[in-house]
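K.L.:
Okay, here's the prediction I keep looking at, along with the sequence it came from:
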Amino acid sequence: MKKHIILLTFLSFCFGKVRVVTSTTDLADIVKTIGGDQVTVTSIARGNQDPHYVEVLPSYMFKVRKADLYFMVGMELDLWAQQIIDGSRNRKIKVIDCSVDINKMEVPTGQVDASMGDIHKFGNPHYWLDPENGKLIAQLIADKLANAAPKSSDLFQQNLDAFNMQIDRAILDWDKRFRKLQGKKLIYYHNSWPYFSDRFGLVAVEFLEPKPGITPSPSKLNQIIQLIETDTIQVVASESYFSERAPKFIASKTGVKTIKLAQSVGALNGADSYINLFETNLKILSEAFGIEYD
Ligand SMILES: [Zn+2]
């Protein structure tokens, strides 16, 4: 085992950089921030793709074959990642589940059953949408990169400190600039947003999906239309990858505002980094609610 680690360290030293693959663009962006020029990183899922459903392709296995580390979201969001890793036949790769240190939301207390749908069975896996969780992810990434490349551990620590400071400042700044979003009620397409909503004081009233991963039915849409009218909901927000059909149908009946939010880095213009993911979404939401911000 020890020999193994020494060999791995030696190999990554030989090639200079730690080769990292991540399931999502959010994890890739944090790896890039912490690893700097000592890592190469590539994400399997694109930012504008539904992270629950990624087709397992041989080209992905090929990418993983040469990697040192694989960071996954976990909580069964990226079950597909295991197939890619197994298919890569890379026996030396270290697979890291980034959800280990997260304070998980919506974890079922009783028995897991079909009423929770198929894809959020073990709690809500969209935890990267709280910037405080971004710090926990970054800490884990810094630790694992340091194990893989001990010579660069000072650099990783410096980058981690800078990242944490940037997030702390941004949270203070967002709390001030976007405070008028607090208490605003909205309807989301998919339940990607409990961590985000909690952080920024938004209230999720309903979801277009009857259960996570289930396409909205006509009866569900009618129910939503009534809810919007009785509860005066102003905004329906969708993840970038959904068809606009259902939201537009609801808008045509109620006049509600429909928007797309970036669920991951790269999902929308402007959301080109982990920090900008939040900045972009908060601006889109403020504009939808007719709120001014500086
Ligand atoms: Zn989900």
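P.N.:
Yep, that arrived.
K.L.:
now stretch 72-85, how far from the centre of its chain.
P.N.:
Centroid separation for stretch 72-85 versus its chain: 13 Å, with Cα atoms, centre = their mean, to the nearest Å.
K.L.:
which residues sit against that stretch?
P.N.:
Contacts to stretch 72-85, defined as Cβ atoms under 8 Å, 6 or more residues apart in numbering, come from residues 22-24, 27, 44-45, 51-56, 60-61, 64, 70, 93, 95-100, 104, 119, 121-128. Any C-beta I mention is one placed from the backbone N, CA and C, and that applies to glycine too.
K.L.:
and those, which are buried?
P.N.:
Buried members of those, counted by 16 or more other Cβ atoms under 10 Å: 22-24, 27, 44-45, 51-52, 54, 60-61, 64, 70, 93, 95-99, 119, 121-128.
K.L.:
can you tell me which helix or strand the nearest residue to Phe249 once chain neighbours are set aside belongs to?
P.N.:
Excluding the flanking residues, the one nearest Phe249 by Cβ to Cβ, 6 or more residues apart in numbering is Leu221, at 6.4 Å. Per DSSP states H and E: Leu221 is located in helix 218-231.
K.L.:
And for Val107?
P.N.:
For Val107, there is no host helix or strand (DSSP H and E).
K.L.:
Over to Ala204?
P.N.:
strand 203-207.
K.L.:
pLDDT on stretch 131-143, on average?
P.N.:
Stretch 131-143 comes out with an average pLDDT of 98.
K.L.:
can you give me the strands in the stretch 1-150 of the chain?
P.N.:
18-22, 39-43, 69-72, 94-97 (DSSP state E, counting those that start in this stretch).
K.L.:
Pull the number of nearby residues for Ala89.
P.N.:
Careful, residue 89 is Arg; it's not Ala. 10 (other Cβ atoms under 10 Å).
K.L.:
Surely it and Val64 touch.
P.N.:
No - because the distance of 9.2 Å does not satisfy Cβ atoms under 8 Å, Arg89 is recorded as not touching Val64.
K.L.:
what's the overlap in contacts for those two?
P.N.:
Counting by Cβ under 8 Å, 6+ apart, Arg89 and Val64 have no shared contacts at all.
K.L.:
In helices, which of the contacts of stretch 72-85 fall?
P.N.:
If you go by DSSP state H, those have Leu27, Tyr60, Met61, Val64 in helices.
K.L.:
which non-adjacent residue is nearest the last one?
P.N.:
To tie it back to what came earlier, the one meant is Val64. Ser88 (3.7 Å).
K.L.:
What residues of the strand holding Ala204 count as buried?
P.N.:
Buried, per 16+ other Cβ under 10 Å, within strand 203-207: Ala204, Glu206, Phe207.
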